[in-house]
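# What shape does this take:
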Amino acid sequence: MTQAALPPNDLPIYRLLTGPDDSAFCRRVSEALALGYQLHGSPAATFNGKQVIVCQAIVWPGAAAR
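As a prediction, the model looks like this:
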């Protein structure tokens, strides 16, 4: 299978996924990986006084070469 030059559904080549540290966030990251995105760097976490908020950068393969 050949990787598409651009992400599907007019999605950007770089995305920063953020949200509460829960199963819904993990599903969003997993869905992006299933589409073909790759993790970019380490995840980050902070506490907003109520819950842990996490973020993960993802990029479309080959995006850095463009």
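
# For the rest of this, base every contact and every neighbour count on C-alpha atoms.
Fine.

# what about the residue nearest in space to the middle of the chain, which helix or strand?
Closest residue to the average C-alpha location of the chain: Ile58 at 3.8 Å, with C-alpha atoms, centre = their mean. Secondary structure assignment for Ile58, by DSSP states H and E: strand 52-59.

# Average pLDDT for that strand, rounded please.
Strand 52-59 comes out with an average pLDDT of 98.

# Centre of the chain to that strand, how far?
7 Å (C-alpha atoms, centre = their mean, to the nearest Å).

# who's the residue nearest to the centre of the chain bridged to?
Arg15, Leu39 (DSSP bridges).

# re earlier: check which helices and strands the strand holding Ile58 is in contact with.
When contacts are defined as 3 or more C-alpha pairs under 8 Å, 6 or more residues apart in numbering; DSSP states H and E, strand 52-59 packs onto strand 14-20, strand 38-47.

# Measure how it sits relative to strand 14-20, angle-wise.
Here the directions of strand 52-59 and strand 14-20 differ by 160 degrees (axes from the mean of the first three to the mean of the last three C-alpha atoms, to 10 degrees).

# re earlier: so which of the helices and strands packed on strand 52-59 comes closest to Ile53?
Checking these against Ile53 by C-alpha to C-alpha gives strand 14-20 as the closest, at 4.4 Å.

# Outside of that closest one itself, list whatever touches it.
By C-alpha atoms under 8 Å, 6 or more residues apart in numbering, the residues outside strand 14-20 that reach it are 25, 28-29, 51-60, 63.

# May I see those organised as TSV, with distance to Leu6 added?
TSV is the format used below for those (distance: C-alpha to C-alpha, whole Å):
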residue	distance to Leu6
Phe25	23
Arg28	19
Val29	18
Gln51	35
Val52	32
Ile53	29
Val54	26
Cys55	22
Gln56	20
Ala57	17
Ile58	14
Val59	11
Trp60	7
Ala63	8
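
# Write the ChimeraX selection for whichever of those residues are buried.
Buried subset of the contacts of strand 14-20, written as a ChimeraX selection, criterion 16 or more other C-alpha atoms under 10 Å:
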select :25,29,53,54,55,56,57,58,59,60
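
# so the residue in the chain sticking out farthest from the centre, which of the three states?
No residue in the chain sits farther from the centre than Gly49, which is 24.2 Å out by C-alpha atoms, centre = their mean. Secondary structure assignment for Gly49 (DSSP: H, G, I helix; E, B strand; the rest coil): coil.
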